[in-house]
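In: Everything below, folded, please.
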Amino acid sequence: MTATSGFSFLAPAKLNISLKVFGKRADGYHNIRTVMVPVSLYDEVSVEEAESGIRVESDDPAVPVDDGNTCHRAAALFMEWAGEPKGVRICLRKRIPVEAGLGGGSSDAAATLKGMMALTGRIPSPETLLGMAARVGADVPFFTMGRPAVAEGAGERLTPVEWGVPFFSLIVKPPFGLSTREGYAMLRRGTGDDPPDARVPAFRGWEDLVPAVSNDFEAAWGNTRPEIGEIKRELLSAGALAAGLSGSGSAVFGLFGGAKAALDAQGMLSRNGGRRIFVAQNI
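Out: Down below sits the predicted model:
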C-alpha cells in the first residue's frame, strides 16, 4: 500500500470545544455554531501521480475506498478544476478512528487537496479552494485553515479565533461509532430555529475555555449511549479540567493543563470493552 513517490501530508484530528445545533436548512443541512481546534492525532495521506483514474488505498478496512471516499471526491473535484493530473493514487495510513467525531475523513480530504496542489503546481484561489473543500464535506474547509476557528452555517463559514490556551487532551474512543445522520435526527431541530447573532469568542486562559466546553449531541445520545456520560465522569474524576463529546461522537475528550496530567489520567482510565485512548495536544 505504500506510495513509492509523490507527496505525504499529516492530517490532524479536531476537537469540538463547543457545538450548538440550530434549525434545519433548505438544503437539508443544519445551521451550527462550533469552535474547533486541531490536535496532534494524525492520519498520513500520500498522493502520487498515476496513469489514469483515481485509486484510494487504506490500511483500515473500515474506510471505504470507492468514489464515496472523501479523498476520492477531493481528488475528482481538483482534477475537474485543474485538468490534471490524468490519474492519482492516494494512500491512507489511518490512526484517527472512524465514526468518532474527530474529523478524520474531512482532514484526509484536505490533505489530499494539498497533495494535488503539490503534484500539479496548480494553486486555486482561497475562495476556489474553500468552495472545493465545502463540496467534499462540511468540516473540510476548517482543515484547509489549520488553526482554531468558529465554524457556522453548515460548517463552511469560518472565523479564526484567538487561542492562548495550550492544552493536552485525553481522547477516548468507545468500541462503537455513531452516525452523524442519526444524531441530527435525534436532536429533532425544526426549520425555524435560526442561530442568534453571537460574538466571536477568544480563549486567553482556562477561565475562557472550561465554561465553553459543551455539545448538543450529548443530550441526543444520552438515553441510548450512556457510555458517553460514563466516560466524561471518568475523565473528570481522573483530573480533567473539562470534558465533552467531539462532533456527533462517539469520541469523548478531557482537557488537561500539561502532558504529565494527561498521561497520569491515561493510566487511570479503563480500557475495558475495546476502548481506544489517545493523548494529543492542540496545534
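In: Next one: residue 123, what pLDDT does it get?
Out: Per-residue confidence at residue 123 stands at 97 (pLDDT).
In: The one 3 residues further on too?
Out: Residue 126 is assigned a pLDDT of 94 by the prediction.
In: same question, residue 5
Out: 66.
In: can you start the count at 53 instead of 1 from here on
Out: Yes, from this point I'll number from 53; that puts the last item at residue 57.
In: Contacts only, for residue 149.
Out: With contact taken as CB atoms under 8 Å, 6 or more residues apart in numbering, residue 149 is in contact with 156, 225, 229, 303, 328. In this view, the C-beta of every residue, glycine as well, is placed from N, C-alpha and C.
In: Now that we have the residues you listed, which of them are buried?
Out: The neighbour count (16 or more other CB atoms under 10 Å) marks 156, 225, 229, 303 as buried among the contacts of residue 149.
In: Am I right that the third one falls within a helix?
Out: No. Read with DSSP: H, G, I helix; E, B strand; the rest coil, residue 229 is coil and lies in no helix.
In: do you know how far it is from residue 316?
Out: Separation of residue 229 from residue 316 (CB to CB, to the nearest Å) stands at 28 Å.
In: So which of the contacts of residue 149 are in helices?
Out: residue 156 (DSSP state H).
In: Turn the contacts of residue 149 into CSV, including pLDDT and distance to residue 216.
Out: As requested, the contacts of residue 149 are exported to CSV (pLDDT from 0 to 100; distance: CB to CB, whole Å):
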residue, pLDDT, distance to residue 216
156, 97, 27
225, 97, 28
229, 94, 33
303, 98, 25
328, 96, 30
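In: Is it possible to get CSV of the contacts of residue 149 that adds distance to residue 128?
Out: Converted to CSV, those look like this (distance: CB to CB, whole Å):
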residue, distance to residue 128
156, 19
225, 30
229, 26
303, 29
328, 31
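In: Would you mind measuring from the residue nearest to residue 317 when sequence neighbours are not counted to residue 329?
Out: Leaving aside its sequence neighbours, residue 317 sits nearest to residue 290 (CB to CB, 6 or more residues apart in numbering; 3.7 Å). As judged by CB to CB, residue 290 and residue 329 stand 11 Å apart.
In: a helix runs through residue 282, doesn't it?
Out: Yes. With three-state DSSP as the criterion, residue 282 is located in a helix.
In: Please tell me I have it right and residue 65 contacts residue 155.
Out: Yes. Assessed by CB atoms under 8 Å, residue 65 is found in contact with residue 155 at 6.0 Å.
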